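**Q** Need the 3D shape of this:
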Amino acid sequence: MKGLLRRLFTAIFFVLLMLGGLYGGRYSFVLLFAIVTALCLWEFLNMVLVKYTQRDFVRIIIGMGLGLVPFIISTVVQLDLANDREVFISLSAFLVSPFLFTAFLYELYSNSQNPFLNIAFMMLGMIYIGVPFALLDFIAFDGAYFYADTVFGLLLLSWSNDTGAYVVGSLFGRTKLFPRISPKKTWEGTIGGFAITFLICIILAKYFTELDFVHWLALAGIVSVFGTLGDLVESMLKRSMQTKDSGGLLPGHGGFLDRFDGFIFMLPYATAYLLWMR
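**A** A predicted model of the protein is given here:
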């Protein structure tokens, strides 16, 4: 009972924090997802780097800086914070170069047994986490318009898919989905997650009119398929690192990467669809 209450309290606090950051305006949105990106990077780098080398705060900070660069650059572009082309190019070069090449220099003097593996993991954090969250800016901002409802809708669809799969799988799950990677996931749970996601999609289309029903339907399909695959990809990561959760920042729920794994993985596909549709 105590564990359930802790899980419920964490979920309520998390949702309220997300809603406040999302609907507080452009800058609260940017701040919220910059923090989420940083926390996901922190958990990822702690998982992959600490397994192969001693915990090194400097190495993790370099990796986090590199991972945040795409989000910072996309924010500058979408909020038109550097409307001069030369300023933007200079800013991009200033942000990328120090972190990218400092990673090589640091490994040169760190006496690590796996220097290029460490560099590869730092860059992987940018590709796996930094770039998808950077694409979120292109969903949220279009000129003077801020699509807060679209972002919240995607979050809600992603959480619905996760929750539906967990609940239905726990009650009725029998047929394993991908036992080599995630022994607890079942086809019944996956289908249940799909069904609940599409049900939420119908409700979203009624109240969130930024998109027509057919577009919400398409996004529900993208979330269901690629969100599920993203969950499996993170399970593959955790299994290879021999860990149960990505972190413990959300009591009863694991870490931030555990909560955003499916959302991260579906973002490139949702962004491609929404930019094509617009």
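
**Q** Go ahead and confirm Lys185 touches Lys176.
**A** Yes: assessed by C-beta atoms under 8 Å, Lys185 is found in contact with Lys176 at 7.3 Å. (C-beta placed from N, C-alpha, C; glycine too.)

**Q** Please say which of the two ends up with more neighbours.
**A** Between Lys185 and Lys176, counted using other C-beta atoms under 10 Å, the more crowded position is Lys185 (22 against 13).

**Q** Now name the helix or strand holding the more buried one.
**A** Lys185 belongs to strand 182-186 when assigned by DSSP states H and E.

**Q** Now do that strand: everything it contacts.
**A** 165, 169, 173-178, 231-232, 235, 239 (C-beta atoms under 8 Å, 6 or more residues apart in numbering).

**Q** change it to 7 Å
**A** Residues outside strand 182-186 that contact it (C-beta atoms under 7 Å, 6 or more residues apart in numbering) are 169, 173-178, 232, 235.

**Q** same question, stretch 57-64
**A** With C-beta under 7 Å, 6+ apart, stretch 57-64 has contacts from 38, 41-42, 45-46, 49, 99, 102-103, 106, 118, 122, 125.

**Q** nearest to Phe71, of those?
**A** Ala38 (9.0 Å; C-beta to C-beta).

**Q** count of residues packed around the closest one?
**A** So Ala38, with other C-beta under 10 Å, has 19 neighbours.

**Q** Kindly provide the distance from it to Thr209.
**A** Remark: distance between Ala38 and Thr209 (C-beta to C-beta, to the nearest Å) = 33 Å.

**Q** mean confidence score for the helix or strand harbouring Phe71?
**A** Under the criterion of DSSP H and E, Phe71 resides in helix 57-78. Mean pLDDT, computed over helix 57-78, is 90.

**Q** Low-confidence ranges, the stretch 151-278 of the chain, go.
**A** 251-253 (pLDDT under 70).

**Q** Now with 90, please.
**A** 163, 166-167, 170-171, 173-174, 178-179, 182-184, 209, 241-255, 277-278 (pLDDT under 90).

**Q** For it, which segments count as helices?
**A** In order along the chain, the stretch 151-278 of the chain carries the following helices (DSSP state H, counting those that start in this stretch): 187-207, 213-241, 256-277.

**Q** from the middle of its chain, how far away would the last one be?
**A** Put plainly, it is helix 256-277. When distances are taken as C-alpha atoms, centre = their mean, to the nearest Å, helix 256-277 is centred 7 Å away from the chain's centroid.

**Q** Which elements pack onto it?
**A** helix 26-52, helix 131-140, helix 148-172, helix 213-241 (3 or more C-beta pairs under 7 Å, 6 or more residues apart in numbering; DSSP states H and E).
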